[in-house]
Structure formats: C-alpha cells, structure tokens
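need a 3D model of the sequence below.
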Amino acid sequence: MPTRTLTIPTSIDLRGTVRGAKNPVMVGPTEALWATRTPDGPGTLALDRRRDDLIEAEAWGPGADWLLEQAPRLLGSDDDLTGFRPPAGRLGDLWRRRPFLLARTDRPWDAIVGAVFGQKVQIRNAVQARRLLAKHHGDPAPGPARGFVLPPPERVAEMGYHQFHRFGVERKRAETLIRVARELPRMGDLTDRTPEQVKARIQRVRGIGPWTAAMVTAVAMGDADAVPVGDFHLPNTVSWALAGEPRATDARMLELLEPWAGHRWRILRLAKSSGGAPKYGPKLSLTGDGLHLGR
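Next up is the predicted model:
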C-alpha cells in the first residue's frame with residue numbers, strides 16, 4: 001500500500017476539518033477513513049495523526065495514488081484564512097479552542113449524492129440513504145475497511161426512481177439524482193471551475209436549487225463563502241449565535257453574515273457547532289429545492 005507523510009498545523013482540529021468534507025468518516029479522535037471513486041478507480045484513504053503536526057496517510061486500490069495526492073486538500077491545504085476575523089463571544093471562543101480548515105474533496109458526484117439525499121430530511125436519513133445506495137449499487141471499497149463506494153453516475157443514470165424507495169428516498173429526490181447523473185457527462189470537469197460557476201451549472205438541472213448547490217461547492221470545493229439558503233434550522237441557528245435572536249428568515253441570516261463575506265461557510269460551521277436556537281415557534285423557510293430539516 002502506498003503511503004505518505006503530511007503535516008498539519010498543531011492548532012488545527014483534525015476532526016472538524018475532515019468531517020467538514022462530509023464523506024470521510026472519523027473512526028477515532030485522530031483517525032479518518034475515506035472511500036471514494038477517483039478518476040483512476042475506487043480507492044480508500046486512511047489518515048492517522050501520529051503527532052500534533054504529523055499525519056500518516058495510507059491508501060489502497062486503483063485510486064490510491066490519486067487519494068494520496070488529494071490528501072493535503074482534504075486536510076485544508078487550499079483553505080485561505082486571509083481576512084477572517086472570528087466573531088466576538090462564544091463563536092470566537094469556539095474558534096480559538098478548536099480552529100479548523102475547510103477540506104476539499106474534488107469529488108462533486110459524491111457531494112451531489114449527499115446534497116440531493118439531504119433535501120427535506122434529517123441528516124441521519126440522508127447519510128443512511130447514501131450508505132445503502134453504495135452498498136446495493138456501488139462497489140466494495142479497497143483495503144481493510146469493508147465499506148462501499150458510491151456507484152458511478154452512469155450506473156445511477158440507468159436506475160428507476162422506484163429502486164430508491166428501499167433507501168427511504170421518495171420519487172422527487174430519486175428523479176433529481178437520476179437527472180443529474182444523466183447530465184454530468186455534459187458538464188465537463190467541474191473541479192476546474194469556480195464555486196459560482198459550478199453552482200450556476202448544476203442549478204440548470206431541475207430539482208437542484210441554491211441550498212443543494214451550496215452544499216455541493218462547500219464539500220467538493222472547500223467553498224468558504226457557501227451559504228445554503230432555504231434551510232429549516234440554519235437561519236435560526238445563525239441569528240441565535242450572532243444576535244441572540246431565536247428566529248430569523250433567510251434574509252435576516254444573510255444580513256447577519258454580511259460582515260464575514262468570503263468566509264460565511266466558516267461562520268455557519270461555527271454557528272452549528274455552538275448549538276441550535278431554542279426550540280419553540282419555528283419559522284419555515286422555503287426555496288425551489290424544498291424545505292430542509294436536518295441542518
């Protein structure tokens with residue numbers, strides 16, 4: 001198995017950085033696994049923080065070399081903190097205690113599957129649906145982890161919406177994912193584009209709205225300014241964390257986030273880590289890709 005030794009700033013929280021990329025799984029306080037379909041084929045990457053600043057990376061499968069090359073980006077090497085000012089109060093305290101970098105996977109298909117499955121449902125249901133899709137229609141992950149990688153888009157493009165019912169995915173989300181899978185070959189290499197270009201392109205597919213598009217660029221591209229408007233809980237979480245207001249609209253959330261333009265996804269991550277707003281009198285927030293509950 002090919003290996004690589006990487007460094008990461010001693011102050012950076014490995015768990016917060018890697019988990020921000022959604023698909024990698026933390027298997028311990030200092031260990032992570034990532035199984036995905038690379039341009040070279042399926043592969044599995046294992047990360048182990050041996051010292052505060054030292055990460056040992058090991059990979060298996062046809063995609064092993066690609067994963068080792070990608071590992072620094074998964075650890076936030078492309079993230080730029082220039083101009084970021086932590087908020088005052090508890091969010092600033094959180095940042096000082098556990099600063100993180102924004103990971104980049106460069107696997108837009110993985111991010112699209114997760115984001116489409118995350119429409120209108122709680123996060124645990126989306127994670128379960130993704131896991132079942134990989135198990136029943138994907139391929140075994142190389143290496144010792146015994147996991148599965150997602151099926152490629154061309155395989156999903158041939159599926160019927162009824163095949164998703166066993167994963168808890170209704171017709172609307174299933175058909176959205178199938179449409180994206182069929183359209184992807186015409187999109188070219190999304191990783192060569194800016195987040196704004198990627199969001200504009202994938203929103204041309206029916207069923208993909210601003211919330212889904214922002215989740216894709218945040219995960220796949222480490223988009224520091226991604227803002228998933230249309231979330232059920234997020235405006236309340238942000239307004240509570242930044243202004244002590246228990247309820248807010250998308251417009252109010254965007255107003256509160258404006259001082260951190262360029263780093264709004266970072267602020268959203270901090271706000272979600274700080275705990276949600278009090279649970280009474282929820283205000284609904286709707287967009288073209290649905291009502292989102294699990295964020």
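
please identify the buried residues of stretch 63-76?
63-64, 66-68, 70-76 (16 or more other CB atoms under 10 Å). To be clear about C-beta, it is placed using only N, CA and C from the backbone, and glycine gets the same treatment.

other SSEs contacting the top strand by length along the chain?
Across the chain, the longest stretch assigned as strand under DSSP state E is strand 41-51. The helices and strands touching strand 41-51, judged by 3 or more CB pairs under 8 Å, 6 or more residues apart in numbering; DSSP states H and E, are helix 14-19, strand 31-38, strand 54-60, helix 64-74.

got CSV for the ones you listed, with distance to V216 and mean pLDDT too?
Listed next are these as CSV, based on distance: least, CB to CB, whole Å; pLDDT from 0 to 100:
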stretch, distance to V216, mean pLDDT
helix 14-19, 17, 93
strand 31-38, 15, 96
strand 54-60, 24, 97
helix 64-74, 16, 98
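
make JSON lines from those and add distance to L234 to it.
Below are those laid out as JSON lines (distance: least, CB to CB, whole Å):
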{"stretch": "helix 14-19", "distance to L234": "17"}
{"stretch": "strand 31-38", "distance to L234": "25"}
{"stretch": "strand 54-60", "distance to L234": "31"}
{"stretch": "helix 64-74", "distance to L234": "24"}
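
could I get the average pLDDT for the longest strand of the chain?
Averaging pLDDT along strand 41-51 yields 94.

partner strands of that strand and their direction?
Here strand 41-51 is paired, per DSSP bridges, with strand 31-38 (antiparallel), strand 54-60 (antiparallel).

tell me which of those strands is the most buried.
The highest mean neighbour count among these, using mean count of other CB atoms under 10 Å, belongs to strand 31-38: a mean of 23.

quick check: end-to-end length of stretch 88-101?
End-to-end distance of stretch 88-101: 19 Å, with CA to CA, to the nearest Å as the criterion.

so what touches it?
Counting by CB atoms under 8 Å, 6 or more residues apart in numbering, stretch 88-101 makes contact with 11-13, 16-17, 20, 75-77, 79, 81, 86-87, 241-242, 267, 269-271, 273-274, all of which sit outside it.

do the same with stretch 176-194
Contacts of stretch 176-194 (CB under 8 Å, 6+ apart): 106, 108-109, 112-113, 116-117, 119, 153-154, 156-157, 159, 161, 164, 169, 198, 201-202, 205-208, 220-221.

what comes up buried for the longest strand of the chain?
Buried residues in strand 41-51 (16+ other CB under 10 Å): 42-47, 49.

compare the strands paired with strand 41-51 and give me the one nearest P2.
strand 54-60 (5.7 Å; CB to CB).

and the buried residues of stretch 63-76 as TSV, adding distance to M187?
Shown next, in TSV, are the buried residues of stretch 63-76 (distance: CB to CB, whole Å):
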residue	distance to M187
G63	21
A64	26
W66	20
L67	23
L68	26
Q70	20
A71	26
P72	26
R73	21
L74	23
L75	27
G76	26
